[in-house]
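Participant: got a predicted structure plus its sequence, pasted below:
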Amino acid sequence: MKVGLLQQSLAWNPRSPKTAVVLSRLLTGEKSVSILQQSLLYSPENASLSWEMARRWMYSDDPVAALYWIRQSIQLDKYNNAKWVKGIEGMLMIGRKKLAEGNRMEAINCVASGNELLRQYRVLAEYEASRGEQHNDRKFYMTEQADDLSRRLSVLASRF
């Protein structure tokens, strides 16, 4: 019933990213992605839609699409510590999965992508810290979780 009401709501107002996000969370697979893609046609610069796409792809079997949407979302909301950390964590998770499947090259690429995201996060956090607190209203900084992810990426890389 809830899905039906949300679908009706989205049909009446296809420009509602919030409705699309909520509905996509109730659906699975292609249906979920399709809802988000349709909504992105109306709101291509919406950070929450891009992040939902990133989340969907992080739990898929396509690291290239996951990385694309992680980058897209971060580009739209670059001072969001949680997105940086979750994106790096997503690439680590996919890398572990690929290694477990015996796909060594894709696992290596995922670790490299995770490390590159981590490097970019560190550079941006250091730059923001150098500008002083008055310029950092979103409290953007390098988190302990990111430091832990750096260690976990190194551990996974050592298994290659």
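Facilitator: Cool, got the structure.
Participant: longest helix in this structure, please.
Facilitator: helix 104-130 (DSSP state H).
Participant: report all helices and strands that whatever helix or strand comes next after that helix contacts.
Facilitator: Next helix or strand after helix 104-130 toward the C-terminus (DSSP states H and E): helix 144-157. With contacts taken as 3 or more C-beta pairs under 8 Å, 6 or more residues apart in numbering; DSSP states H and E, helix 144-157 sits against helix 81-100, helix 104-130. No exception for glycine: its C-beta is placed from N, CA and C like everyone else's.
Participant: buried ones in the last one, by neighbour count?
Facilitator: By 16 or more other C-beta atoms under 10 Å, the buried positions in helix 104-130 come out as 106-111, 113-115, 117-118, 121, 124-125, 128.
Participant: now do stretch 28-37
Facilitator: Within stretch 28-37, the residues that qualify as buried are Ser32, Val33, Ile35, Leu36, counting by 16+ other C-beta under 10 Å.
Participant: now stretch 137-147
Facilitator: Judged by neighbour count using 16+ other C-beta under 10 Å, the buried positions of stretch 137-147 are Phe140, Met142, Ala146.
Participant: narrow the buried residues of stretch 28-37 to those in helices?
Facilitator: Among the buried residues of stretch 28-37, the ones falling in helices (DSSP H) are Ser32, Val33, Ile35, Leu36.
Participant: lovely, talk soon.
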